[in-house]
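A.B. asks: Give me a 3D structure for the following:
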Amino acid sequence: QVQLVESGGGLVQAGGSLRLSCAASGRSFSMHAMGWFRQAPGKEREFVALSRSGGGTDYADSVKGRFTISRDNGKNTVYLQMNSLKPEDTAVYYCARGKGTGYDVSYGYTSAYDYWGQGTQVTVSS
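C.D. replies: Numbers count the residues shown, from 1 in each chain. So this is what the prediction gives:
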């Protein structure tokens, strides 16, 4: 069983920064893609960023140039550095483990992930 625990959320003013962390239990962390999603009230969960097992990354258009995903395989942890935050970034942020490496199918969909964290709230005030 894999457990994912997010941390680092909070309240920040527009233009500010936050760094989210997601620590994973279990083996074979380095062999799996890791993703970040977010869900705002009344909206569907949406893709934010992907870290492939080989190091490649992908981002939603809405966060490109502002957010950076990274991973430390030695610590079984994936990070999301969020800069230039906007009120529309307000959401619960979830990390998720991909079913594969991230090179095989589209990882922009929740169905490509098998384990999810409990989420961490990010609130950006204007």
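A.B. asks: all strands of this protein, in order?
C.D. replies: Under the criterion DSSP state E, the chain contains strands at 4-7, 10-13, 18-24, 34-39, 46-51, 57-59, 67-72, 77-82, 91-98, 113-116, 120-125.
A.B. asks: Provide a list of residues in contact with the nearest residue to D114 once chain neighbours are set aside.
C.D. replies: Excluding its sequence neighbours, the residue lying closest to D114 (C-beta to C-beta, 6 or more residues apart in numbering) is K99, at 5.0 Å. Quick note: C-beta positions are derived from backbone N, CA and C, even for glycine. Residues near K99 by C-beta atoms under 8 Å, 6 or more residues apart in numbering: H32, A112, Y113, D114.
A.B. asks: How about the third one: which residues does it bridge to?
C.D. replies: In this structure, Y113 bridges to G98 when assessed by DSSP bridges.
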